[in-house]
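**Q** What follows is a predicted protein model with its sequence.
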Amino acid sequence: MAWIKSPYPIERIARMNGKKIGLMKTLSPKNRAIIAMLISAFSFSIMGIAVKLAVDVPLYEKVFFRNFITLFLAFYMVRKKGGSYFGHRESRPFLLARSIIGVLGVVTFYYALSEIDVATATTIQKLSQFWVLIFSAIFLNEKIRLKQYLYLLIALIGVIIVSKPTHIGILWPTLVCFASSVFAGIAFTFLSKLKTYESPSTIVFFFSFFSTVVMIIPMILSFKMITFYELIILLLMGCGALGGQVFMTIAYHEASASDVSIYAYANVFFSAILSMMIWNTLPDIWSVMGILLIIGASYMNFKEVQRYELEEGQSCCDHVSN
């Protein structure tokens, strides 16, 4: 089987039996975005499991290696496509802001992954979709419906149940994970803005370069010589992070966030299955209840966004026809 080059990895065409078969090109942009988001979710699950396995590697060293590995692959992607490494002048403030917030999100999320189970941490971090709504309303003048505030409240109740406030050892990492979801929400808001300016490869490279540079000093201060096993785990973590970033960015380029964001929750399913396979553990009953509340609220919010966009589209059509 040989591969033919295309702008995005998900759109590559296989040549089989002397004929070109372009399965991905026959799909609608929305379906391509869904497939990209599912691949992203699985990749991030691999990353989360790797973070958990690298138990003796210091936090900042994990973050450094995650971005250092991604940096080289992102560099290759930009060079292959002949794109810009650091973006256009008008987009650099957004690239920089997305990178600063993104680093804070990665550090807090990696800390949470080290302290609580992967499925629970992943679910809490997915609260970012609600923060995207809020920050989009603040910075992009988008509207939020009253029902969506209700869904956010339900999701927050789910976080409280998951955090088990009476267990101090779980409460703190849960709050840190909650903070990571806020940072992710801000970063995704900037990502939505950047899709009109830059290609996915440029966005990934800029973030990887920035986060690698800022992690050098913290990594040196807490440096620990790693074993060969830990090196393999860190490489796996970096590859998972790269795949997650690239395919998530592609998904948001192919379709609107309201169409594909819900599929990112496949990450929770993948993480739970992988955790069971590796450690033979699953979240306890309270965590499961909290996770179901968060996912349920997220799904209702997803449907509300779709309904709102449908009404807006119909309203525009009526206006034009009149």
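**A** Structure received. Residues are numbered from 1 along each chain as shown.

**Q** Low-confidence stretches in the stretch 1-150 of the chain?
**A** 1-25, 140 (pLDDT under 70).

**Q** can you give me the strands for the chain?
**A** For the chain, the strands defined by DSSP state E occupy 2-4, 13-16, 19-21.

**Q** how deep is residue 87 tucked in, by neighbour count?
**A** Residues lying near residue 87 (other CB atoms under 10 Å) number 21. Where C-beta positions appear, they are placed from N, C-alpha and C, glycine not excepted.

**Q** residues in contact with stretch 185-192?
**A** By CB atoms under 8 Å, 6 or more residues apart in numbering, the residues outside stretch 185-192 that reach it are 94, 97-98, 101-102, 105, 127-132, 134-136, 139-140, 203, 249, 252, 257.

**Q** What's the ChimeraX line that selects buried ones from these?
**A** To isolate the buried ones among the contacts of stretch 185-192 in ChimeraX, judged by 16 or more other CB atoms under 10 Å, type:
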select :94,97,98,101,102,105,127,128,129,130,131,132,134,135,136,203,249,252,257
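
**Q** Which ones among the contacts of stretch 185-192 map onto helices?
**A** Within those, residues falling in helices by DSSP state H are 94, 97-98, 101-102, 105, 128-132, 134-136, 139, 203, 249, 252, 257.

**Q** Residue 230 contacts residue 57, correct?
**A** Yes: contact criterion CB atoms under 8 Å: residue 230 and residue 57 qualify, at 5.6 Å.

**Q** Could you list the low-pLDDT ranges of the stretch 151-300 of the chain?
**A** In the stretch 151-300 of the chain, residues with pLDDT under 70: 165-168, 257-258.

**Q** Let's see that with 80 instead.
**A** 162-170, 188, 191-193, 195-197, 200, 245-246, 249, 252-253, 255-262, 281-284 (pLDDT under 80).

**Q** which residue ranges form the helices in it?
**A** Using DSSP state H, counting those that start in this stretch, the helices of the stretch 151-300 of the chain run over 168-194, 200-214, 216-221, 228-254, 257-260, 266-279, 285-321.

**Q** Let's have those in JSON lines, adding distance to residue 150.
**A** Converted to JSON lines, the helices of the stretch 151-300 of the chain look like this (distance: least, CB to CB, whole Å):
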{"stretch": "helix 168-194", "distance to residue 150": "18"}
{"stretch": "helix 200-214", "distance to residue 150": "33"}
{"stretch": "helix 216-221", "distance to residue 150": "40"}
{"stretch": "helix 228-254", "distance to residue 150": "26"}
{"stretch": "helix 257-260", "distance to residue 150": "18"}
{"stretch": "helix 266-279", "distance to residue 150": "22"}
{"stretch": "helix 285-321", "distance to residue 150": "8"}
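
**Q** Which one of those lies nearest to residue 158?
**A** Shortest separation from residue 158 across these is recorded for helix 285-321, at 3.2 Å, computed as CB to CB.

**Q** List phi and psi for residue 284.
**A** The phi/psi pair for residue 284 (degrees, to the nearest 10) reads phi -70, psi 180.
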